[in-house]
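> coords below, sequence missing:
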């Protein structure tokens, strides 16, 4: 495990989300807070809201919502492995994408013939 810097006593939510690599930039984390995509203990927050150890943070990201519990405060961005020790992820597993059952052609077989195209359309229900 890589060493972590000493824990600060007060950290903004946008800085913490950036430090644990939930967002690529701090401005993206700030924008998410302004848009209402971040909640601490169920309440929407501003970017300047302080985080304390034990808080439950819900972060809405495209397609799913992450539920994180704060275990350690960080003000500076650290490596991914070190950042993973600063929160507990309670996000439920995402369901697998349903298989569509569309026919797949073997690579290199060339362009579909008219009969192949009609068969594919019949399978799709067109």
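Yes, it's here. Because the structure is a prediction, the values reported are computed rather than measured.
> could you pull up the residues touching the residue nearest to residue 9 when sequence neighbours are not counted?
Nearest residue to residue 9, sequence neighbours excluded (CB to CB, 6 or more residues apart in numbering): residue 73, at 7.8 Å. Just so you know, the C-beta spots here come from the backbone N, C-alpha and C atoms, and that holds for glycine as well. Residues near residue 73 by CB atoms under 8 Å, 6 or more residues apart in numbering: 7, 8, 9, 11, 16, 51, 52, 53, 86.
> distance of residue 73 from residue 62?
Distance of residue 73 to residue 62, computed by CB to CB, to the nearest Å: 27 Å.
> again, but for residue 80
Going from residue 80 to residue 62 by CB to CB gives 20 Å.
> more neighbours: which of these two?
For residue 80 and residue 62, the more surrounded residue by other CB atoms under 10 Å is residue 80, and the numbers stand at 9 against 5.
> just the buried ones from the contacts of residue 73?
11, 16, 51, 86 (16 or more other CB atoms under 10 Å).
> return the member of those nearest to residue 94.
residue 86 (22.6 Å; CB to CB).
> count of neighbours near the closest residue to that closest one other than its chain neighbours?
Leaving out its chain neighbours, the residue that sits closest to residue 86 by CB to CB, 6+ apart is residue 72, at 4.1 Å. Counted by other CB under 10 Å, the residues lying close to residue 72 total 15.
> just the element for residue 72, please.
Under DSSP states H and E, no helix or strand contains residue 72.
> surely it touches residue 53?
Yes. The pair residue 72 / residue 53 is scored as a contact, 6.8 Å apart, by CB atoms under 8 Å.
> from the chain's centroid, how far away is the worst-scoring helix or strand of the chain on mean pLDDT?
Among the helical and strand segments of the chain, the one scoring lowest on mean pLDDT, DSSP states H and E is helix 114-124, with a mean of 89. Here helix 114-124 is found 39 Å from its chain centre; the criterion is CA atoms, centre = their mean, to the nearest Å.
> report the buried residues of that helix.
Judged by neighbour count (16+ other CB under 10 Å), helix 114-124 contains no buried residues.
> packing partners of that helix?
With contacts taken as 3 or more CB pairs under 8 Å, 6 or more residues apart in numbering; DSSP states H and E, helix 114-124 sits against no other helix or strand.
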